[in-house]
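> Coordinates only, no sequence provided:
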């Protein structure tokens with residue numbers, strides 16, 4: 001189980017994504033309190049790294065571009081669009 005944290009590219013702000021759904025899953029017993037605590041602990045560590053501009057948030061990912069020589073991948077024929 002994960003809790004998504006959306007972080008601005010410049011690390012100036014962050015917000016939880018679907019926190020209400022995460023909390024509902026806890027209330028419904030789909031996620032145990034211990035697991036929820038571990039997820040929130042890890043999310044807090046990620047937020048702290050972003051706020052302190054630590055890896056991976058200090059890398060130049062905002063300007064990353066794929067190699068122009070790479071070909072576009074194709075889906076297998078049995079995948080529906």
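Looks like it arrived, so ask away. Treat the numbers as computed from the prediction; the structure is a model and nothing was measured.
> average pLDDT across the helix or strand hosting residue 21?
Under the assignment given by DSSP states H and E, the secondary-structure element containing residue 21 is helix 19-27. For helix 19-27, the mean pLDDT works out to 93.
> Now do the helix or strand that that helix is followed by against helix 19-27, angle only.
If you walk from helix 19-27 toward the C-terminus, the next helix or strand you reach (DSSP H and E) is helix 33-51. Put simply, helix 33-51 runs at 160 degrees to helix 19-27, going by axes from the mean of the first three to the mean of the last three C-alpha atoms, to 10 degrees.
> Distance from the chain centre to stretch 29-48, please.
Taking C-alpha atoms, centre = their mean, to the nearest Å, one finds the center of stretch 29-48 at 13 Å from the center of the full chain.
> repeat for stretch 30-49
Averaged over its C-alpha atoms, stretch 30-49 has a centre that lies 12 Å from its chain's centre (C-alpha atoms, centre = their mean).
> circling back: what residues does the helix holding residue 21 touch?
When contacts are taken as C-beta atoms under 8 Å, 6 or more residues apart in numbering, the neighbours of helix 19-27 outside the stretch itself are 1, 3, 16, 31, 33, 36, 39. (Each C-beta comes from the backbone N, C-alpha and C, glycine too.)
> Among those, give me the pair with the biggest separation.
Taking C-beta to C-beta as the measure, the contacts of helix 19-27 reach their widest spread between 16 and 33, a distance of 18.0 Å.
> Give me the below-cutoff pLDDT ranges for the chain.
When residues are selected by pLDDT under 70, those of the chain lie in 1-2, 62, 81.
> now do 90
Scanning the chain for pLDDT under 90 picks out the ranges 1-3, 9-11, 18, 55-65, 73-81.
> tell me the centre residue of it?
The centre of the chain sits closest to residue 4, judged by C-alpha atoms, centre = their mean, with a distance of 4.8 Å.
> correct me, but it touches residue 14?
No: if you go by C-beta atoms under 8 Å, residue 4 and residue 14 don't touch, sitting 10.6 Å apart.
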